[in-house]
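Novice: No sequence on hand, only this structure:
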């Protein structure tokens with residue numbers, strides 16, 4: 001399919017042929033008919049992309065701070081690679097579209113194949129021939145509304161939520177500052193609400209258009225807007241100001257304060273300077289309100305991604321309800337969006353459309369609403385595979401590789417390490433984003449990119465599968481790959497639920513296909529040197545401390561569905577590392593969390609103790625309440641008069657016989673290269689695979705027992721899935737009869 005994307009590094013916009021998205025639960029596949037380019041909102045994206053590196057840094061100082069923190073933790077080289085990768089990643093454009101439903105997930109009621117729907121959301125309603133849209137980000141289009149009109153739905157939601165925040169009533173006098181696309185729709189909705197609407201903009205043409213659409217008076221900024229407001233309100237001031245401008249200037253907020261009446265409402269819909277003048281805001285006790293995008297539900301993963309609606313008795317107007325209501329107003333002729341459309345382009349010429357709105361390709365007509373059209377979108381959905389090297393033949397000397405998922409970690413770490421082995425032949429790749437799939441395929445030499453994960457996994461020309469998707473999909477994809485007889489690498493965790501782990505174990509027992517899980521630290525050269533220095537046959541004490549630091553509350557790993565939480569998603573590394581440093585299997589685990597009123601800190605800051613069958617003990621501290629100025633990881637092992645310390649995987653110190661020996665490298669050695677080399681050998685049949693898989697199952701089972709021990713407040717017995725001869729989850733409490741070694 002065709003999709004408009006932007007290169008964040010250069011700002012360049014292009015149209016690329018990429019695989020279409022897949023249908024997931026909780027949403028629908030939509031063949032786009034029309035999508036809207038908002039001249040104001042999307043122009044800012046282009047301008048940001050065209051800035052120099054210094055300009056980008058000045059515009060986003062909060063991101064610069066994140067880069068500095070990462071540099072202190074991971075070093076300049078790794079940080080530079082990460083930043084460049086982010087900048088070179090394809091950035092999808094668009095957030096407001098309309099099209100025909102191609103397929104609907106079973107858990108999406110009220111929508112059928114063939115329905116015309118309006119679609120919302122950056123990252124979902126892209127300028128692409130086919131989009132996957134979660135159910136709360138789409139709404140059926142009523143009869144009488146065209147796809148071109150419905151494509152304005154998201155802009156309508158933004159304007160509608162701003163009007164709701166202003167709490168307008170019949171006869172209220174309202175000033176709209178900024179008469180771009182959002183401002184013009186806002187002005188019309190304010191009239192529908194019964195208000196008398198006035199407006200101002202820097203552009204006289206915008207003011208003229210506003211008056212044609214029903215605004216009572218609209219005058220250019222800098223001329224007579226103050227006089228207009230003074231005359232209409234008898235010097236009292238307007239009841240509400242809706243700021244829809246996009247400017248770094250502080251002028252819009254100062255104007256709002258000047259023209260608002262005592263105890264008026266000022267609503268920020270656009271992005272402007274916010275150096276608030278204290279005196280007018282204080283003297284008038286002005287109520288300043290923000291309008292968060294499309295309405296309640298926006299930026300809430302539980303609502304947008306997982307489909308949990310807000311009860312109407314508690315939240316009357318969600319973003320989806322706003323979308324439906326806006327379409328009704330368009331149908332009834334109470335809001336005119338057709339009059340806002342100034343330009344039409346086929347999607348092939350999306351770059352020309354962006355050149356127009358950025359001023360590089362001026363037109364006699366000022367761009368307001370710019371629409372892209374997609375005449376072949378339904379046919380594009382059938383083209384699931386994009387061939388980049390159609391004439392390549394599989395290599396008999398190398399392992400042919402299929403890649404499922406290619407996010408930042410996979411492209412920054414896993415793929416470079418795999419390619420460095422010179423033992424694999426990249427064949428096919430699939431990711432949730434077709435644009436990402438194509439870019440990664442081109443970068444690493446894959447023959448094709450596809451949206452069909454099942455076809456890639458079952459492809460007879462593929463020997464090995466690497467799974468690097470989000471955590472909740474790991475178990476299902478791994479089980480599918482194993483049942484297809486593929487050598488499978490699954491990035492940690494192997495499963496987020498015990499049922500998922502049981503399924504993977506059953507698939508492995510059925511086929512015996514090689515399985516490696518991404519517990520890379522056990523493969524680090526420093527870990528190998530540490531193991532070699534420890535005297536055999538002696539119980540060991542392992543102390544592992546991870547200064548993980550705080551994670552944003554909206555990070556996907558915190559999501560209980562897609563991420564599984566940090567215990568399962570990150571602590572698993574140190575549980576597996578402890579298993580690799582002792583000579584027995586885990587038999588009991590207990591866990592305690594700190595006492596904290598912050599639920600996030602309770603889930604992130606835990607102390608875990610594991611007892612092993614060989615008499616060894618491991619104490620692990622996973623700390624989400626630390627500071628990044630302190631090194632992240634420290635591993636200590638005490639055993640028979642020997643002490644080994646791994647310092648953040650930069651250095652190793654061995655104390656033995658009264659002497660200390662230190663080694664320190666120039667970069668971290670976390671074992672990714674060795675891990676990928678092992679996987680290539682396993683896939684080629686060059687190493688014994690059974691012990692590797694069994695170790696991964698023990699570590700995964702131990703990981704899934706930690707939340708249980710934490711919830712029950714006592715030690716629990718660790719055992720394998722039933723498919724591997726174990727007693728499964730919750731095998732028993734500590735003190736019960738435990739299985740012999």
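Specialist: Ah, there it is. Not measured: the values here are computed from a predicted model.
Novice: Just say helix, strand or coil for residue 254.
Specialist: helix (DSSP: H, G, I helix; E, B strand; the rest coil).
Novice: can you pull the contacts of it?
Specialist: Counting by CB atoms under 8 Å, 6 or more residues apart in numbering, residue 254 touches residue 277. Any C-beta I mention is one placed from the backbone N, CA and C, and that applies to glycine too.
Novice: how close does it get to residue 199?
Specialist: Taking CB to CB, to the nearest Å as the measure, residue 254 falls 17 Å from residue 199.
Novice: next one: residue 389
Specialist: Applying CB to CB, the value for residue 389 to residue 199 is 55 Å.
Novice: Neighbour count for the two, which is higher?
Specialist: Taking neighbours as other CB atoms under 10 Å, residue 389 and residue 199 compare with residue 199 leading, 30 against 13.
Novice: Is the more buried one in contact with residue 185, as I believe?
Specialist: No: counting by CB atoms under 8 Å, residue 185 is not a contact partner of residue 199; they are 12.0 Å apart.
Novice: low-scoring pLDDT stretches of the protein, where are they?
Specialist: 41, 43-67, 69-78, 80-88, 597-603, 730-741 (pLDDT under 70).
Novice: How about the longest helix seen in it, which residues are buried there?
Specialist: Using DSSP state H, we find that the single longest helix of the chain is helix 690-712. Within helix 690-712, the residues that count as buried by 16 or more other CB atoms under 10 Å are 692-693, 695-707, 709-710.
Novice: show me the contacts for the closest residue in space to residue 118 that isn't next to it in sequence.
Specialist: The spatial neighbour of residue 118 that comes closest, neighbours along the chain excluded (CB to CB, 6 or more residues apart in numbering), is residue 153 at 3.5 Å. By CB under 8 Å, 6+ apart, the contact list for residue 153 reads 96, 98, 118, 119, 120, 139, 323, 326, 327.
Novice: In this protein, which strand is the longest?
Specialist: Ranked by residue count under DSSP state E, the longest strand found in the chain is strand 27-38.
Novice: Now do it: distance to the chain's middle.
Specialist: The chain centroid and the centroid of strand 27-38 are separated by 20 Å, computed with CA atoms, centre = their mean, to the nearest Å.
Novice: show me where the stretch 401-550 of the chain has helices.
Specialist: For the stretch 401-550 of the chain, the helices defined by DSSP state H, counting those that start in this stretch cover 408-409, 415-420, 434-444, 453-458, 474-483, 498-511, 525-533.
Novice: now the stretch 151-300 of the chain
Specialist: Taking DSSP H, counting those that start in this stretch, the helices of the stretch 151-300 of the chain run over residues 153-166, 181-192, 204-212, 225-232, 251-259, 278-284.
Novice: closest to residue 218 among the contacts of residue 153?
Specialist: residue 326 (21.9 Å; CB to CB).
Novice: which SS state does the closest one fall under?
Specialist: Relying on three-state DSSP, one would call residue 326 helix.
Novice: so what's it up against?
Specialist: Taking CB under 8 Å, 6+ apart as the criterion, residue 326 is in contact with 153, 156, 157, 160, 335.
Novice: so who does the closest residue to it other than its chain neighbours touch?
Specialist: Nearest residue to residue 326 in three dimensions, chain neighbours excluded: residue 156, at 3.4 Å (CB to CB, 6+ apart). Residues in contact with residue 156 (CB under 8 Å, 6+ apart) are 185, 189, 322, 323, 326, 327, 329, 330, 335, 337.
Novice: Can you give me the buried ones in stretch 225-241?
Specialist: Residues 225, 228, 229, 232, 233, 237, 238, 239, 240, 241 are the ones in stretch 225-241 that count as buried (16+ other CB under 10 Å).
Novice: Could you export the residues you listed as JSON lines, including distance to residue 107?
Specialist: Below are those laid out as JSON lines (distance: CB to CB, whole Å):
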{"residue": "225", "distance to residue 107": "51"}
{"residue": "228", "distance to residue 107": "52"}
{"residue": "229", "distance to residue 107": "51"}
{"residue": "232", "distance to residue 107": "51"}
{"residue": "233", "distance to residue 107": "51"}
{"residue": "237", "distance to residue 107": "50"}
{"residue": "238", "distance to residue 107": "46"}
{"residue": "239", "distance to residue 107": "44"}
{"residue": "240", "distance to residue 107": "40"}
{"residue": "241", "distance to residue 107": "42"}
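Novice: Just name the closest of the residues you listed to residue 13, please.
Specialist: residue 241 (34.2 Å).
Novice: how close does the closest residue to the closest one other than its chain neighbours sit to residue 284?
Specialist: Spatial nearest neighbour of residue 241, excluding adjacent residues (CB to CB, 6+ apart): residue 256 at 4.0 Å. Applying CB to CB, the value for residue 256 to residue 284 is 11 Å.
Novice: Name the residue in those two with the higher neighbour count.
Specialist: Comparing residue 256 with residue 284 by other CB under 10 Å, the one with more neighbours is residue 256, at 27 against 17.
Novice: Quick one: residues contacting that one.
Specialist: Going by CB under 8 Å, 6+ apart, residue 256 touches 175, 177, 241, 243, 266.
Novice: Could you do residue 343 as well?
Specialist: Counting by CB under 8 Å, 6+ apart, residue 343 has contacts 353, 356, 363, 365, 367, 369, 370, 371.
Novice: Residue 473 too?
Specialist: Residues in contact with residue 473 (CB under 8 Å, 6+ apart) are 405, 467.
Novice: Would you double-check that residue 333 falls in a strand?
Specialist: No: secondary structure assignment (three-state DSSP) places residue 333 in coil, not in a strand.
Novice: re earlier: and the following helix or strand past the longest helix of the chain, what does it pack onto?
Specialist: For helix 690-712, the following helix or strand on the C-terminal side (DSSP states H and E) is strand 716-717. The helices and strands touching strand 716-717, judged by 3 or more CB pairs under 8 Å, 6 or more residues apart in numbering; DSSP states H and E, are strand 586-593, helix 690-712.
Novice: so which of the ones you listed comes closest to residue 396?
Specialist: The minimum distance between residue 396 and the helices and strands packed on strand 716-717 falls on helix 690-712, with 24.7 Å, by CB to CB.
Novice: So which elements touch that closest one?
Specialist: Going by 3+ CB pairs under 8 Å, 6+ apart, helix 690-712 lies up against helix 498-511, strand 515-517, helix 572-581, strand 586-593, strand 606-612, strand 716-717.
Novice: Contacts for the first one, please.
Specialist: Residues external to helix 498-511 that are found in contact with it (CB under 8 Å, 6+ apart): 474-476, 478-480, 482-483, 485, 494-495, 515, 693, 697, 700-701, 704, 720-724, 728-729.
Novice: Would you mind listing which of these are buried?
Specialist: Neighbour-count burial (16+ other CB under 10 Å) applied to the contacts of helix 498-511 gives 474-475, 478-480, 482-483, 494-495, 515, 693, 697, 700-701, 704, 720-721, 723-724, 728-729.
Novice: before we move on, the earlier item: if you compare the helices of the stretch 401-550 of the chain, which one is most tucked away?
Specialist: Highest mean neighbour count of the helices of the stretch 401-550 of the chain: helix 474-483, a mean of 24 (counted as mean count of other CB atoms under 10 Å).
Novice: quick one, that one and helix 690-712 angle?
Specialist: Between helix 474-483 and helix 690-712, the angle comes out at 160 degrees (axes from the mean of the first three to the mean of the last three CA atoms, to 10 degrees).
Novice: Next one: residue 184 from residue 249, what distance?
Specialist: Counting by CB to CB, the gap from residue 184 to residue 249 is 20 Å.
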